[in-house]
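**Student:** Sequence plus predicted model, see below.
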Amino acid sequence: MRIPSKRNAMSDATAPTWFNENHDYSGSAIGFRVTRRLHAEQTPFQNIEIWESTDWGNVMVIDGCMMVTTRDNFLYHEMMSHPVLFSHPRAKRVVIIGGGDCGTLREVLRHDEVEKCTQIEIDERVTRLAEEYFPELCEANNDPRAELRFEDGLKFMAEVEPESIDVIIVDSTDPIGPAEGLFNEAFYRNALKALRAGGILVQQSESPLVHTDLLRDMRSKMKGCGFASLRTLCFPQPCYPSGWWSCTMARKGVELDGFRERGAQTKTFKTRYYNAEIHRAALAMPEFLREALGE
């Protein structure tokens with residue numbers, strides 16, 4: 001879990017310098033060369049900053065943790081959306097919990113079979129700042145299939161109609177602060193209840209290299225709440241701790257034993273990272289992780 005950084009960066013505009021996020025949990029750091037801070041505010045939920053970098057475009061930082069950059073966001077957004085949607089036979093209704101930068105929403109709505117995608121983001125300011133500083137991520141915000149709601153995702157999931165959702169995507173910050181409740185048994189039980197038979201939950205599951213204990217705990221809770229089958233997919237993410245990230249899919253009542261490879265191979269939209277071969281490779285679990293998770 002990322003802890004608010006001890007950083008080295010100027011407060012406004014001067015000569016280029018470095019913005020560093022020191023990740024005490026793993027004894028490592030990430031840094032980008034920045035030219036100025038474009039925006040800073042304290043919302044009722046968190047502190048948000050936008051920095052201009054020399055090589056990575058704009059950088060969004062929440063509570064000292066890097067969340068998204070212009071240059072590398074496609075890795076995360078594509079892997080949080082396309083593997084789960086190609087693992088489901090035909091997902092008509094999708095719910096995103098979090099996802100305020102709207103990049104995952106954009107990727108979900110590339111799938112023609114999706115009839116409605118509801119995004120539940122607790123902090124509206126994340127979305128409004130994304131619209132200003134990351135407009136390419138917000139291209140689908142006015143799609144008639146998109147519904148943007150700014151409210152508590154935990155409350156939404158507890159009250160949503162049972163068996164009404166095909167895919168739930170948990171695109172959250174780390175399990176501290178507003179996102180802490182998205183990693184517990186109560187949330188997983190509510191998600192399981194909300195999913196239709198064969199429905200899939202996918203959740204960002206931190207770094208497989210430095211957050212193995214968290215990943216093991218997540219998977220144990222998902223299984224304990226009744227999910228029939230789990231798969232953890234790994235992918236690169238340079239702006240996150242260790243540069244290596246993961247998402248974990250959990251399915252209701254049906255094994256996660258493959259995906260629609262033909263559909264992925266013949267997809268009608270463009271991606272920058274995801275394809276059928278990447279999907280297949282991401283399903284392979286590294287030996288150290290297999291051992292750590294007892295697989």
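**Tutor:** Received it, and whenever you're ready, just let me know what you need.
**Student:** How many residues are close by residue 51?
**Tutor:** Number of residues near residue 51 (other Cβ atoms under 10 Å) recorded here: 24. For the C-beta atoms, the positions are set from N, CA and C on the backbone; glycine is no exception.
**Student:** same thing with residue 112?
**Tutor:** 9.
**Student:** Can you tell me the strand partners of the helix or strand harbouring residue 52 and which way each runs?
**Tutor:** Using DSSP states H and E, residue 52 sits in strand 47-53. Using DSSP bridges, the strands paired with strand 47-53 are strand 28-42 (antiparallel), strand 58-62 (antiparallel).
**Student:** Need the winner for burial among those.
**Tutor:** Comparing the strands paired with strand 47-53 by mean neighbour count (mean count of other Cβ atoms under 10 Å), strand 58-62 ranks first with a mean of 24.
**Student:** which residues are contacting that one?
**Tutor:** 19, 21, 32, 34, 38, 46-53, 66-70, 101, 126, 129-130, 133-134, 173, 239 (Cβ atoms under 8 Å, 6 or more residues apart in numbering).
**Student:** Buried only: go through those for me.
**Tutor:** Among the contacts of strand 58-62, the ones that count as buried by 16 or more other Cβ atoms under 10 Å are 19, 21, 32, 34, 38, 46, 48-53, 66-70, 101, 126, 129-130, 133-134, 173, 239.
**Student:** Assign residue 156 to helix, strand or coil.
**Tutor:** Following DSSP: H, G, I helix; E, B strand; the rest coil, the label given to residue 156 is helix.
**Student:** what sits against the residue lying closest to it once chain neighbours are set aside?
**Tutor:** Using Cβ to Cβ, 6 or more residues apart in numbering and skipping the chain neighbours, the partner closest in space to residue 156 is residue 120 (4.9 Å). Contacts for residue 120 (Cβ under 8 Å, 6+ apart) come out as 95-98, 149, 151-153, 156.
**Student:** For this protein, give me the ranges with low pLDDT.
**Tutor:** Low-confidence regions of the chain, defined by pLDDT under 70, span residues 1-14, 173-183.
**Student:** how about the helices of it, start to end?
**Tutor:** 73-87, 103-108, 124-133, 153-159, 185-194, 212-224, 261-265, 276-282, 287-293 (DSSP state H).
**Student:** what does the second one contact?
**Tutor:** This means helix 103-108. Applying Cβ under 8 Å, 6+ apart, the contact partners of helix 103-108 are 68, 73-74, 76-78, 80-82, 85, 94, 96, 99, 114, 117, 119, 134, 137-141, 146, 169, 171.
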